[in-house]
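# sequence first, predicted coordinates after that:
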Amino acid sequence: MLLNLPWTIASLIIYNIIAFTGGADETGDFAGAFSYELFSIGLISGGTWTFTLSDLVLLVAFLALFVEIIKSARTSDITLVDHSLSVLVFIVCLVEFLMLKQAATSLFFFILLTALIDVVAGFSVTLRTARRDVGFGG
């Protein structure tokens, strides 16, 4: 049953935990907690690549989107429920983005975008797969 949940909900949950427990910084910016540096690596070019908490959340969102697109290629009885739950995750993201100060960040916008892509790609891939599976004529 857990595999049937939309994986894009993971990035939404992680974001909400950090945004609502990390609080705002001294300027009232809710994105402050996400700028926490997890690690940095010196590159041959002399530059430094820094990986932050927001990068990690975005990575989780992209990986979840990949899994959701792969899941949408299967045809089963649970596919419609899976797509409906993906639409629900998108609606929750949209409402949060429009209504909550904590979600007014570029990072959350990208989470919202991955949820939208999940919905559109999921239905598109499923329709394409279903069309291929149905044979007409003799």
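Okay, I see it.

# give the phi and psi angles for Leu100, as a check.
phi -110, psi 130 (degrees, to the nearest 10).

# which positions within stretch 65-77 qualify as buried?
65, 67-68, 71-72 (16 or more other Cβ atoms under 10 Å). C-beta coordinates here come from the backbone N, C-alpha and C atoms, glycine included.

# I meant stretch 91-108, not that one.
By 16+ other Cβ under 10 Å, the buried positions in stretch 91-108 come out as 93, 96-97, 102-103, 105, 107-108.

# turn these into TSV, columns for secondary structure.
Shown next, in TSV, are the buried residues of stretch 91-108 (DSSP: H, G, I helix; E, B strand; the rest coil):
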residue	secondary structure
Cys93	helix
Glu96	helix
Phe97	helix
Gln102	helix
Ala103	helix
Thr105	coil
Leu107	helix
Phe108	helix
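
# in the buried residues of stretch 65-77, which has the lowest confidence score?
pLDDT is lowest at Ser72 among those; the value there is 79.

# from Thr52, how far out is that one?
Counting by Cβ to Cβ, to the nearest Å, the gap from Ser72 to Thr52 is 30 Å.
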